[in-house]
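Undergrad: How does the following fold in three dimensions:
(one chain, ligands or ions: 1)
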Amino acid sequence: MSRRAVIAGNWKMHGTVSETRSLLRGLRARLAARALDLEVVVAPPYTALGAAAEELSGSPIEVAAQNVHWESKGAFTGEISAAMLLEAGCRWAIVGHSERRQLFGETDANVNRRARAALEAGLHPIVCVGETFAERQANRTMDVVRRQARAALLDLGAADIQTLCIAYEPVWAIGTGRTATPDQAEEVHAELRRLVAEVAGTQTAERLRILYGGSVKPDNIDSLMAEPDIDGALVGSASLEVESFARIVEFQL
Ligand code: PGA
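TA: Predicted coordinates for the structure are as follows:
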């Protein structure tokens, strides 16, 4: 079965409103000539989401938030609800990024709540999982990613699982320039697809898009995308520059 690829740019804490507008104008112009046969998503900071949606209106490029809270409103200082994101023009929300887990105390249980709230609101979650270097050294990669994915997908039905994407992002590859080799990534993607088959059936597992993230660049995207279970990429620093992100979007098989 062929799955529609997803290339998503995670801008992290980069991009004022004016920087966002200028980057997206450039990206939109650069990709305009091309009929996109994949999904292209950008995730600027919260303050620039509205401007991003405005710049991309009428374009196939969609907007993601970098997180979402599970409640619809209330006394949760610093948090943003799914309805707020939808109103700002988002269609997607990243949840469980390793920086959220490591620096801001995000837990497996919270990641599940965030993913569920996003789905209920009609957003597509991008659920991140990935092992640290110490966990890989200790041969615990599969245990860790299985635990994280199983917890994130808890109580989700087949339709929900087909609406979201899982992003496999080995922590040791994020922002380090040390990409997982295509073989290393494929091994984990295939394992994640087996896990989803166990919890939601083979048809759902076959439809689920599993993205790779961690130092994805123009010079390694083609070999990653050539792997059968790699359905797209979550791109950090290489998504902050028009030409490099465009080249990733235009990956060659
Ligand atoms: P990177 O970040 O591409 O800069 O390694 C990826 C991510 O954290 O999503």
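
Undergrad: what residues does the stretch 101-250 of the chain put near the ligand?
TA: Residues of the stretch 101-250 of the chain found near the ligand (C-beta under 6 Å from any ligand atom) are 169, 174-175, 213-216, 234-238. Heads up, the C-betas are built off the backbone N, CA and C, glycines and all.

Undergrad: which one of those sits closest to the ligand?
TA: Nearest to the ligand, judged by C-beta to the nearest ligand atom, of these is residue 236 at 2.2 Å.

Undergrad: How about the contacts made by the closest residue to the closest one other than its chain neighbours?
TA: Of all residues not flanking residue 236 in the chain, residue 10 sits nearest, at 5.3 Å (C-beta to C-beta, 6 or more residues apart in numbering). Residues in contact with residue 10 (C-beta atoms under 8 Å, 6 or more residues apart in numbering) are 43, 64, 66, 94, 97, 213, 234-236, 239.

Undergrad: Okay, and which of these map to strands?
TA: Among the contacts of residue 10, DSSP state E puts 43, 64, 94, 213, 234-235 in strands.

Undergrad: just the residues of the stretch 101-250 of the chain next to the ligand: which has the poorest pLDDT?
TA: Lowest pLDDT of these: residue 175, 93.

Undergrad: Pass me the low-pLDDT residue ranges in the stretch 1-150 of the chain, would you?
TA: Residues of the stretch 1-150 of the chain that meet the criterion pLDDT under 70 lie in 1.

Undergrad: re earlier: give me the PyMOL select line for the residues of the stretch 101-250 of the chain next to the ligand, limited to the buried ones.
TA: With 16 or more other C-beta atoms under 10 Å as the criterion, this PyMOL line picks the buried residues out of those:
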select buried, resi 169+174+213+214+215+216+234+235+236+237+238
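
Undergrad: dump the residue contacts of the closest residue to residue 215 other than its chain neighbours.
TA: Leaving aside its chain neighbours, residue 215 sits nearest to residue 179 (4.3 Å; criterion: C-beta to C-beta, 6+ apart). Counting by C-beta under 8 Å, 6+ apart, residue 179 touches 173, 214-217, 220, 224.

Undergrad: Now do the strands in this structure.
TA: In the chain, the strands defined using DSSP E lie at 6-10, 39-43, 62-65, 92-95, 124-129, 165-168, 209-213, 232-235.

Undergrad: Quick one: closest of the ones you listed to residue 200.
TA: strand 165-168 (11.9 Å; C-beta to C-beta).

Undergrad: That closest one packs against which elements?
TA: Judged by 3 or more C-beta pairs under 8 Å, 6 or more residues apart in numbering; DSSP states H and E, the packing partners of strand 165-168 are strand 6-10, strand 124-129, helix 141-152, helix 182-200, strand 209-213.

Undergrad: Now the last one: buried residues?
TA: It stands for strand 209-213. Across strand 209-213, burial judged by 16+ other C-beta under 10 Å covers 209-213.

Undergrad: residues near the closest residue to residue 91 other than its chain neighbours, how many?
TA: Leaving aside its sequence neighbours, residue 91 sits nearest to residue 62 (C-beta to C-beta, 6+ apart; 4.5 Å). By other C-beta atoms under 10 Å, 20 other residues sit near residue 62.

Undergrad: and residue 62, what does it touch?
TA: Residue 62 is in contact with 39-42, 56, 91-92, counting by C-beta under 8 Å, 6+ apart.

Undergrad: For the residues you listed, pick the one with the most neighbours.
TA: Of all the contacts of residue 62, the highest neighbour tally under other C-beta under 10 Å goes to residue 42, namely 28 neighbours.

Undergrad: Please name the bridge partners of that residue.
TA: In this structure, residue 42 bridges to residue 9, residue 63 when assessed by DSSP bridges.
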